[in-house]
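[1] A predicted structure for the sequence below; I have some questions about it.
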Amino acid sequence: MMKKSLALIVAAIAALPAFADINVGVTLSATGPAASLGIPEKNTIALLPTTIAGQKVNYIVLDDASDTTNAVANARRLITENKVDVVIGSTTTPNSLAMIDVVAENQTPMISMAASARIVEPIDAKRRWVFKTPQNDIMMSLAIAQHMADHGVKTVGFIGFTDAYGEGWYNEFSKAAGIKGIQIVANERYARTDTSVTSQVLKLLAAKPDAMLIAASGTPAVLPERTLRERGYTGKYYQTHGVANNDFLRVGGKDVDGTYLPSGPVLVAAQLPATHPVKKSALEYIARYEGANGKGSVSTFGGHAWDAGLLLASAAPVALKKAQPGTPAFRIALRDALEAAKGVAGAHGIFDMSANDHLGLDQRARVMVRIEGGAWKYEP
């Protein structure tokens, strides 16, 4: 009788539904013009936890080669074939914007690693599924405009990418410059794959601005600055947080010395005062990344992937209490939990999400940095 009862108990336990693994789809730009951003992101994904709340986590990582069409195809494949519960990616603004329709159509939450506020704003029926970890352009634009105003800059020449990154930055910086009484006297564009910007630079020089702002990302951002220096421009140079990695320093060399840019605190974490609220969490990421990839290898872009992982680790345990991975109910619960995430201390800032804010960062997530002697220097 006891053996029969034991057998029934074993059979009953075996019949209980086992939780499926949490599947995380990742599409990033490990090759192509944005590779200097995507490679540290890919390296960081390898550091994310393989279990959350006792549940196994699988990461399916695809390369979109910095191409919008590939990013959309990857997102669709991850959702329809790999049945992922969440998508992390992509690296660039154009790719991330293009993916929104796919994730919204399939009601799958997405955490972008690209900067433009347009990825999460305005929050509508589609963007309610989308979150992101990099600081918004307006936050960084205000930091640049404030720095310019403090250093006597009255006029600026602007050159940015021809795509959504450059356009987004022009729109946001125009607002910030207006607030600070700074005039944009020239507005030029170039493609990420261009090898010459001579004609654009000549127009910028003709306007004789006090400073130049280059709204580009990764190593392609070196080209305008190098050309301006070759043509003898001696005013102040500003770049965006899209260049905050060591590949930019390596390719730019002496041509980018003296450049100012806003950045997430992780770029200069060791130089921050002990009281800075993000110093501890930023140093934790640096230790993990450099432990795996070597001293000096850390990148702000990898930090965006790390923060995406932290948000997932915060939200997944909440969602697991409501539904099983691999189901529409779990994806909905995960979206809701991401939106409710509070006090998540990341490499770049403290995330406090809400129904009206799918970024959740405040001014603690930015610092000003100067490139000096081929290194990043914190500007208090």
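    Sure thing, it's come through. Just so we're clear, the structure is a prediction, and the values are computed from it rather than from any experiment.
[2] what residue ranges in the stretch 251-380 of the chain score low on pLDDT?
    For the stretch 251-380 of the chain, no stretch has pLDDT under 70.
[3] Please enumerate the helices of it.
    279-293, 300-320, 328-339 (DSSP state H, counting those that start in this stretch).
[4] out of those helices, which comes closest to Arg189?
    For those, proximity to Arg189 was assessed by CB to CB; helix 300-320 is nearest, at 22.9 Å. Glycine gets a C-beta too; all of them are placed from N, C-alpha and C.
[5] who are the neighbours in contact with Ala316?
    22, 52-53, 55, 57, 334, 337 (CB atoms under 8 Å, 6 or more residues apart in numbering).
[6] would TSV of the residues you listed with secondary structure be doable?
    As requested, the contacts of Ala316 are exported to TSV (DSSP: H, G, I helix; E, B strand; the rest coil):
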residue	secondary structure
Ile22	strand
Ile52	strand
Ala53	coil
Gln55	strand
Val57	strand
Leu334	helix
Ala337	helix
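[7] Among these, which pair sits farthest apart?
    Val57 and Ala337 (14.9 Å).
[8] got any ranges where the stretch 1-150 of the chain has weak pLDDT?
    Within the stretch 1-150 of the chain, the ranges that satisfy pLDDT under 70 run 1-19.
[9] on that earlier part again, just put the helices of the stretch 251-380 of the chain in TSV and tack on distance to Ile123.
    TSV is the format used below for those (distance: least, CB to CB, whole Å):
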stretch	distance to Ile123
helix 279-293	26
helix 300-320	16
helix 328-339	9
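[10] if we can go back for a sec, just the buried subset of the contacts of Ala316, please.
    Buried positions within the contacts of Ala316, assessed by neighbour count (16 or more other CB atoms under 10 Å), are 22, 52, 55, 57, 334, 337.
[11] and of those residues, the nearest to Ser299?
    So of the buried ones among the contacts of Ala316, ranked by how close each gets to Ser299 (CB to CB), first place is Val57, at 23.0 Å.
[12] what is that closest one paired to in the beta sheet?
    As for beta bridges, Val57 partners with Ile22 under DSSP bridges.
[13] List the contacts of it.
    Residues near Val57 by CB under 8 Å, 6+ apart: 21-24, 48-51, 316.
[14] Show me the domain layout of the protein.
    Following automatic domain parsing, the chain resolves into domains at 20-135+285-362, 137-263.
[15] how about a markdown table for those domains, with distance to Ala375 added?
    Converted to a markdown table, these look like this (distance: least, CB to CB, whole Å):
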| stretch | distance to Ala375 |
| --- | --- |
| domain 20-135+285-362 | 10 |
| domain 137-263 | 7 |
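[16] So the spatially most central residue of the chain versus Gly253, what's the distance?
    Geometric centre of the chain, nearest residue: Met113, 3.2 Å, by CA atoms, centre = their mean. Look at Met113 and Gly253: by CB to CB, to the nearest Å, they are 27 Å apart.
[17] again, but for Ala145
    28 Å.
[18] Of the domains of the chain, which is nearest Val369?
    domain 137-263 (4.8 Å).
[19] Checking my notes, Val26 in a strand, right?
    Yes - judged by three-state DSSP, Val26 forms part of a strand.
[20] so what's it up against?
    42, 45, 59-62, 78, 87-89.
[21] which residues in the stretch 101-250 of the chain form strands?
    For the stretch 101-250 of the chain, the strands defined by DSSP state E, counting those that start in this stretch cover 110-112, 130-132, 155-161, 183-190, 211-215, 236-239.
[22] what pairs with Ser112 across the strands?
    Ser112 has these beta-bridge partners by DSSP bridges: Lys132.
[23] So what's the residue count around it?
    By other CB atoms under 10 Å, 30 other residues sit near Ser112.
[24] and if you look at Thr195?
    The burial count for Thr195: 8, using other CB under 10 Å.
[25] nearest residue to it other than its sequence neighbours?
    Leu223 (7.6 Å; CB to CB, 6 or more residues apart in numbering).
[26] Check Glu379 too.
    Per CB to CB, 6+ apart, closest to Glu379 is Met368, 4.1 Å.
[27] I'd say that neighbour and Leu142 touch.
    No - using CB atoms under 8 Å, Met368 is not in contact with Leu142; the gap is 11.1 Å.
[28] part of a helix, is Ile60?
    No - counting by three-state DSSP, Ile60 is not found in a helix; it is strand.
[29] is it true that it touches Thr27?
    No - counting by CB under 8 Å, Ile60 does not reach Thr27; the two are 9.3 Å apart.
[30] Quickly list what's touching both of the two.
    With CB under 8 Å, 6+ apart, Ile60 and Thr27 have common neighbours Leu78.
[31] More neighbours: which of the two?
    Taking neighbours as other CB under 10 Å, Ile60 and Thr27 compare with Thr27 leading, 29 against 17.
[32] I'd like to know how far the more buried one sits from Val72.
    Taken as CB to CB, the span from Thr27 to Val72 is 9 Å.
[33] which residues do these two both contact?
    Contact with both Thr27 and Val72 is made by residues Met99, according to CB under 8 Å, 6+ apart.
[34] what about the closest residue to Met113 other than its chain neighbours, how many neighbours?
    Nearest non-adjacent residue to Met113, counting by CB to CB, 6+ apart: His304, 4.2 Å away. Here the number of neighbours of His304 (other CB under 10 Å) works out to 29.
[35] what's the first-to-last distance across stretch 172-190?
    Terminal residues of stretch 172-190 are spaced 18 Å apart (CA to CA, to the nearest Å).
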